[in-house]
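**Student:** Need coordinates for the following:
(2 chains)
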Amino acid sequence: MSSHGGNSSAANDPRQPSTAKPYEAPAVSPQDLPIDYSGFIAVIFGIAGVLFRYKLSSWVAIIFCAQSLSNMKNIETDLKQVSMAMMFAVMGLVSNYFGPARPGTQRG
Amino acid sequence: MASSTWSSSSLFIPREDTLWYYIALLSVLSLLGQELSRCSVLATTADFEGFGDDVDDEDFSESSLITDLPIRSNLPPPTTLTPQSDFETDHGPPLDSSSSPPLSDPIPNKPSSNSFDFWDEDEFEGLPIQENPTNLKSPDVASPSKVESDSKVEIQATPPLPKTLGSFTVEIVCVSFLIAFLFNYFSGKKENENIALAWASRFATKDSIFDKNFSLLGTGDGKDTPLLLKEGQNVFKFYASGRRFCQGMLATMDLQSRHDLISRLYNMIVPCKDEITFEVYMNDDAMDNVVFALAKKKLAKVMHKELRDLQRFASLVTSGPNNRKWVADELMVITESKEVAGDLITETVLDQVFGDKAFPKFGKGFISMHFSDQFVGSHRKMLILKFALQDAKNMADMTRLVALVPYYIDLIGRYKLSSQARPKTEAARTKVAQEVYKELQNARQEALQKKKAEKRKIAEEAEAKLSAEVLRKREEKNRAKQMKKVMPKVKMTRAH
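**Tutor:** Numbers count the residues shown, from 1 in each chain, chains lettered A, B, ... in the order given. Okay, the predicted model is just below:
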């Protein structure tokens, strides 16, 4: 238990309100942020889905978008990449399902 | 404070990069629109590009059934109505499709072969407008103006298709994964929050260990501020300040990404633990020359290799002083001198946590401990203690580990090196400082030399240019002289 704390600071109260400093969040420059791998993967899959008209790729891009969104820490800085990936993924899906409609085969 | 004002201002006045971003977004949108319209009009080209194999299989099976109409064979089941309506106009009563093809074979084949070029557009026209057969009366006179209007209709009226479940495997799997992801996001988030709150309620509420040791708890400066600061979904921070010997303490809980289904699956293969790291920022005058670390054997070796201060000042110690108990066998000490190690690993600590008897029981969550006055960064003198977090119910198990934090703050705050050990440590520090200074100077000199070389290069280039110009001028002069030499003769001749 706190016998440790008790032992070492038995004599007097260790607290010193006068020296209390409020918390300062360390300033992190945007370059030092950890790389958003899932967002990057999402962009790649999204582009591949659009280029090759491969719907699975677009779906995977959407899944990685979801991962990237759920891991986001700072909305301001991270949203760009994610929304870019999202655009590509949705575009791939739309062109896949609605665009090149061979009569009646791929719709629905 | 600063961050909030910055964010609000950036909301209203787009910075340069956000502006670029919006432009990029717009362009992608416009691309999308273009793509859509192009695809709906030029469906013929798309026919050949990309479609699943299963679709092709269906087409083949159909075409094998109706061999007489190879072009019509691409039509899906509901479009069998179109041939019917064709026959309606050409002949008489609608026949059932199974008997009609052989009967009306020569006649419907003709227009379709004539209108082969327009075939696709016709089919698109024919599809949704089954009600008005007037459109189909003259298939060979396909008006191109209708294509656009009809393509719109075509998007709206997609006929329900009898499709096998197998052709949607990708969609079903992906959508169900997304749904699972969403559910997991909320449940995992809750789980992580529960762990963090359990920790905070155990150690940071009133009359708990941190409340007794620190006068300011939580990241805010007032009384009613939340204790924990949440960063992302899996990082929680707890800050405390106002204690003797130290400026403050920051505990960072780095939990598993339970909210993220993908990394959760990954963690099933590569398990990882919830960790909590205590960083204690010591006062500059309250910490003597101490470089000390304690960790499990494997990790200790890694730390000794990778951490700069340990590498420079400390060495691995396998055994303690002869005449006393030492830490459990799994642990290894890295220290600058044996004296420091002996003084920092006291009897009480051995009894409570690190001794042979206590460690298996109370030291389960212990990962590492690293005290140094030579850290690189904003705080030079720091104590870093790393523990594995227990799950929310068994938080009490780590009470003794958490108690190490204030204990070591006091121990190190009061600790003074003996007069024999101090000169050694100071010599080592001055040596390292000199090395650092030399490195810095070397780097500076290199930079200077580079600059000089660049300057010289520029000067040479300028000289080369100059010399070229000088040469040109000289040549011009020469030419002028020659001209002059020639000129008088000419003049002479003129004068004559």
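
**Student:** only C-alpha atoms for contact and neighbour calcs from this point on.
**Tutor:** Noted.

**Student:** Next one, pLDDT for whichever residue of chain B sits closest to chain A please.
**Tutor:** Closest contact between chain B and chain A, by C-alpha to the nearest C-alpha, is at B:Gly242 (3.7 Å). Per-residue confidence for B:Gly242 comes out at a pLDDT of 88.

**Student:** can you check B:Leu103 too?
**Tutor:** Here the pLDDT value assigned to B:Leu103 is 43.

**Student:** what do you get for B:Asp397?
**Tutor:** The model reports B:Asp397 with a pLDDT of 84.

**Student:** separation between the closest residue to it other than its chain neighbours and B:Val353?
**Tutor:** Counting by C-alpha to C-alpha, 6 or more residues apart in numbering or on different chains, B:Phe362 is the residue found nearest to B:Asp397 once chain neighbours are left out, at 6.9 Å. Taking C-alpha to C-alpha, to the nearest Å as the measure, B:Phe362 falls 6 Å from B:Val353.

**Student:** Confirm the residue of chain B closest to chain A sits in a strand?
**Tutor:** Yes. Under DSSP: H, G, I helix; E, B strand; the rest coil, B:Gly242 falls within a strand.

**Student:** residues contacting the nearest residue to it once chain neighbours are set aside?
**Tutor:** Spatial nearest neighbour of B:Gly242, excluding adjacent residues (C-alpha to C-alpha, 6+ apart): A:Ala20 at 3.7 Å. For A:Ala20, the contact set (C-alpha atoms under 8 Å, 6 or more residues apart in numbering or on different chains) comprises B:215-216, B:241-243, B:247-248.

**Student:** Next up, phi/psi of A:Ala20, please.
**Tutor:** phi -70, psi 130 (degrees, to the nearest 10).

**Student:** picking that back up, correct me, but the residue nearest to B:Asp397 touches B:Met398?
**Tutor:** Yes. Applying C-alpha atoms under 8 Å as the test, B:Phe362 and B:Met398 come out as touching, 7.1 Å apart.

**Student:** Pick out the residue nearest the middle of chain A.
**Tutor:** Using C-alpha atoms, centre = their mean, the residue of chain A that lies closest to the mean C-alpha position is A:Ser68, 2.8 Å off.

**Student:** any idea how far chain B is from it?
**Tutor:** Counting by C-alpha to the nearest C-alpha, to the nearest Å, the gap between A:Ser68 and chain B amounts to 9 Å.

**Student:** Shouldn't that residue be within a strand?
**Tutor:** No. Under three-state DSSP, A:Ser68 sits outside any strand and is assigned helix.

**Student:** Contacts only, for it.
**Tutor:** Under the criterion of C-alpha under 8 Å, 6+ apart, the contact partners of A:Ser68 comprise A:36-39, A:82.

**Student:** And it, what's its pLDDT?
**Tutor:** Looking at A:Ser68, its pLDDT stands at 89.

**Student:** hmm, back to that, mind putting the contacts of A:Ser68 in CSV, secondary structure included?
**Tutor:** Shown next, in CSV, are these (three-state DSSP):
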residue, secondary structure
A:Asp36, coil
A:Tyr37, helix
A:Ser38, helix
A:Gly39, helix
A:Val82, helix
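
**Student:** Give me the buried subset of those residues.
**Tutor:** The neighbour-count criterion (16 or more other C-alpha atoms under 10 Å in any protein chain shown) marks A:38-39, A:82 among the contacts of A:Ser68 as buried.

**Student:** coming back round to it: pick the one among the contacts of A:Ser68 closest to chain B.
**Tutor:** Nearest member of the contacts of A:Ser68 to chain B, counting by C-alpha to the nearest C-alpha, is A:Ser38, at 10.0 Å.

**Student:** quick one: average pLDDT of stretch B:254-268?
**Tutor:** For stretch B:254-268, mean pLDDT rounds to 91.

**Student:** can you tell me how far the residue of chain A found nearest chain B sits from A:Phe45?
**Tutor:** Of chain A, the residue with the smallest distance to chain B, taken as C-alpha to the nearest C-alpha, is A:Ala20 at 3.7 Å. Taking C-alpha to C-alpha as the criterion, A:Ala20 is separated from A:Phe45 by 50 Å.

**Student:** element containing A:Pro26, please.
**Tutor:** Per DSSP states H and E: A:Pro26 is located in neither a helix nor a strand.

**Student:** Show me where the stretch 101-250 of chain B dips below the pLDDT cut-off.
**Tutor:** Counting by pLDDT under 70, the stretch 101-250 of chain B shows low-confidence ranges at B:101-163, B:221-225.

**Student:** can you pull out the strands in it?
**Tutor:** When secondary structure is read from DSSP state E, counting those that start in this stretch, the stretch 101-250 of chain B shows strands at B:216-217, B:228-231, B:235-243, B:246-254.

**Student:** deepest of the ones you listed, which one?
**Tutor:** For the strands of the stretch 101-250 of chain B, average neighbour numbers computed from mean count of other C-alpha atoms under 10 Å in any protein chain shown are highest in strand B:216-217, which has a mean of 28.

**Student:** partner strands of that one, parallel or antiparallel?
**Tutor:** Looking at strand B:216-217 with DSSP bridges, its partner strands are strand B:235-243 (antiparallel).

**Student:** Between strand B:246-254 and the partner strand, find me the angle.
**Tutor:** Between the axis of strand B:235-243 and that of strand B:246-254 there is an angle of 160 degrees, by axes from the mean of the first three to the mean of the last three C-alpha atoms, to 10 degrees.

**Student:** what's the neighbour count on the residue nearest to B:Asp397?
**Tutor:** The number of residues packed near B:Phe362 is 18, by other C-alpha atoms under 10 Å in any protein chain shown.

**Student:** Tell me how far it lies from B:Cys272.
**Tutor:** In this view, B:Phe362 and B:Cys272 are 20 Å apart by C-alpha to C-alpha.

**Student:** one step back: among the contacts of A:Ser68, which pair sits farthest apart?
**Tutor:** Across the contacts of A:Ser68, no pair lies farther apart than A:Tyr37 and A:Val82, at 10.7 Å, counting by C-alpha to C-alpha.

**Student:** Tell me, domain by domain, which residues of chain B belong where.
**Tutor:** Dividing chain B into domains by automatic domain parsing, as the record does, gives the ranges B:51-163, B:186-423.

**Student:** show me where pLDDT drops low in chain A?
**Tutor:** Under the criterion of pLDDT under 70, the regions of chain A flagged as low confidence span A:1-12, A:30-31, A:75-77, A:100-108.

**Student:** quick one: B:Ser187 from B:Glu193, how far?
**Tutor:** Relative to B:Glu193, B:Ser187 is positioned 10 Å away (criterion: C-alpha to C-alpha).

**Student:** what do you get for B:Asp391?
**Tutor:** As it turns out, when the distance is counted by C-alpha to C-alpha, B:Asp391 lies 11 Å from B:Glu193.

**Student:** Lovely, talk soon.
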